[in-house]
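> Task: produce atomic coordinates for the following.
(one chain, ligands or ions: 2)
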Amino acid sequence: MFENSSNTDLSALGEFGLIDQITAPAKKVQQSTITGVGDDAAVIEAGDRYLLVSSDMLLEGVHFDLSYAPLKHLGYKAVVVNLSDIYAMNGTPRQITVNIGLSSKFSVEAVEEIYAGIYMACDQYQVDLIGGDTTASKAGLVLSVTAMGTVDKDKVAYRKGAKETDLICVTGDLGAAYMGLQVLEREKTVFKGNPEAQPDLEGFDYILERQLKPEAQRGLIEFFKERQIQPTSMIDVSDGLASELLHLCKAGEVGCQVYMQKIPIDHTTAQTADEFNINPLVAAMNGGEDYELLFTVPVTEHEKLQDVPGLHIIGHITENGSGAFMVDDAGNKSQITAQGWNAFAQ
Ligand code: ADP
Ligand code: MG
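Residues are numbered from 1 along each chain as shown. Ligands and ions are numbered 1, 2, ... in the order given. The predicted model follows:
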């Protein structure tokens with residue numbers, strides 16, 4: 001069917017390259033489309049506010065493994081990862097729609113379990129489930145959520161907008177979800193070798209929760225309101241800090257300098273990384289699925305950000321063309337590269 005003399009492998013472009021290529025012809029014929037592709041959510045004119053729309057899809061065997069992901073957590077996570085994109089625009093999520101593809105191995109009770117998680121997230125984040133679609137699937141479970149939110153027009157935060165000397169900040173800590181995944185994968189391998197084996201998950205609660213039942217950073221948006229802070233740019237950390245820093249730099253046409261010692265890593269993450277012979281910094285920079293928020297603010301806001309629990313100033317924005325660098329204790333600089341994921345590489 002697809003016989004063509006020139007077939008390019010998807011992996012040659014990678015996920016971002018492919019998105020760029022397929023969305024290049026997208027036209028903007030509606031005046032109400034403020035921004036389309038290219039940010040965490042699309043921005044649409046809606047009276048005195050903007051409407052925000054964001055969609056994400058989770059596939060069995062690609063994004064989750066049902067041998068260790070409880071169905072309820074999965075439903076919860078599918079919602080939360082979308083809400084994270086709304087918060088990343090400095091918005092408030094309001095509604096979601098849910099599309100679900102089910103293969104015959106799922107029972108009614110199993111689907112109810114997924115929805116228990118979906119409703120739990122709706123409750124937690126005060127959003128309404130307002131529709132969706134249900135279909136049969138031949139490739140296991142497919143869960144796709146679209147989140148809608150609103151933001152005051154003068155409060156919207158894009159990926160672009162960071163200016164030279166701005167402070168770079170991140171919430172929470174990084175790399176935990178990735179290390180949680182390593183633990184789950186290890187226990188799965190042990191179980192495969194010996195089905196009698198009991199999973200050894202003790203002491204890993206925090207990183208397992210970060211992987212299986214992440215939360216979105218609603219608190220930051222409230223904090224910005226309270227302190228009257230307007231971020232100059234913002235993105236959520238779904239693909240690892242390195243990838244997101246590069247997105248902010250590319251979109252804002254700026255460079256950045258980040259201090260290695262300032263990158264927040266939880267002690268369980270660091271301990272587990274040691275155990276796995278993984279550099280904790282690599283988990284933080286390239287792990288992904290943290291769903292923290294990365295943002296920039298003018299340096300004049302420095303005082304307002306001092307000593308705020310769970311908020312970390314990790315570096316600053318530099319002039320365009322100066323590149324993206326990480327600086328260690330001794331002052332040595334290394335270039336930030338996004339190893340991230342090539343979603344299409346086997
Ligand atoms: P995020 O990691 O925040 O979910 P993505 O990297 O998935 O963002 O997507 C980047 C941008 O590309 C978003 O604006 C998204 O809406 C858009 N996008 C991704 N896939 C497609 C597609 N198949 N068709 C149109 N737009 C897409
Ligand atoms: Mg995002």
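> drop to CA atoms for contacts and neighbour counts, all remaining ones
Noted.
> residue contacts, whichever residue of the stretch 101-250 of the chain sits closest to ligand 2?
Ranked by CA to the ion, the top residue of the stretch 101-250 of the chain for proximity to ligand 2 is D236, at 4.7 Å. D236 sits next to D40, S84, D85, A88, E244, Y291, E292, L293, L294 when contact means CA atoms under 8 Å, 6 or more residues apart in numbering.
> and it, what are its bridge partners?
Per DSSP bridges, the residues bridged to D236 are L293.
> per-residue confidence for it?
Predicted confidence (pLDDT) for D236: 98.
> which of the contacts of D236 lies closest to ligand 1?
D40 (3.9 Å; CA to the nearest ligand atom).
> Can you name the helix or strand that that closest one falls in?
Applying DSSP states H and E as the criterion places D40 outside every helix and strand.
> for it, phi and psi?
D40 adopts backbone torsions of phi -70, psi -30, taken as degrees, to the nearest 10.
> can you count the residues close to it?
Using other CA atoms under 10 Å, D40 is surrounded by 24 other residues.
> Near ligand 2, which residues of the stretch 1-150 of the chain are found?
Proximity of the stretch 1-150 of the chain to ligand 2 is confined to D40, D85 under the rule CA under 5 Å from the ion.
> ranges for the strands of the stretch 1-150 of the chain?
Here the stretch 1-150 of the chain has its strands, by DSSP state E, counting those that start in this stretch, at 33-35, 42-46, 49-59, 92-102, 128-136, 142-152.
> For these, give me CSV that also has distance to D200, mean pLDDT and mean neighbour count.
Converted to CSV, these look like this (distance: least, CA to CA, whole Å; pLDDT from 0 to 100; neighbours: other CA atoms under 10 Å):
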stretch, distance to D200, mean pLDDT, mean neighbour count
strand 33-35, 47, 96, 14
strand 42-46, 42, 98, 19
strand 49-59, 26, 97, 20
strand 92-102, 31, 98, 20
strand 128-136, 35, 97, 13
strand 142-152, 29, 98, 22
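> closest to L184 out of these?
Closest to L184 of those is strand 49-59 (CA to CA; 17.6 Å).
> List the strands paired with that closest one, with their directions.
If you go by DSSP bridges, strand 49-59 pairs up with strand 42-46 (antiparallel), strand 142-152 (antiparallel).
> Helices of the stretch 51-200 of the chain, start to end?
Using DSSP state H, counting those that start in this stretch, the helices assigned to the stretch 51-200 of the chain run over residues 71-87, 108-125, 176-193.
> Would you tell me which residues of the stretch 151-300 of the chain are close to ligand 2?
Near ligand 2, when you scan the stretch 151-300 of the chain using CA under 5 Å from the ion, you find D236.
> Mind jotting down where the strands sit in the stretch 151-300 of the chain?
For the stretch 151-300 of the chain, the strands defined by DSSP E, counting those that start in this stretch occupy 167-171, 233-237, 255-259, 292-297.
> Return the nearest residue of the protein with respect to ligand 2.
With CA to the ion as the measure, D40 is the residue of the chain nearest to ligand 2, at 4.2 Å.
> which residue sits closest to that residue, ignoring its sequence neighbours?
Nearest residue to D40, sequence neighbours excluded (CA to CA, 6 or more residues apart in numbering): D85, at 5.0 Å.
> Tell me how many other residues surround that neighbour.
For D85, the count of nearby residues is 33 (other CA under 10 Å).
> and it, what does it touch?
Applying CA under 8 Å, 6+ apart, the residues near D85 are D40, A41, S54, I235, D236.
> same thing with A324?
Applying CA under 8 Å, 6+ apart, the residues near A324 are L245, L246, C249, G255, C256, Q257, Q335, I336.
> I'd like the distance from the residue lying closest to it once chain neighbours are set aside to T318, if you could.
Distances taken as CA to CA, 6+ apart place C256 nearest to A324, at 4.7 Å, with adjacent residues excluded. Here C256 is placed at a distance of 5 Å from T318 (CA to CA, to the nearest Å).
> Which of the two has more residues huddled nearby?
Set C256 next to T318 and count neighbours by other CA under 10 Å: C256 wins out with 29 against 22.
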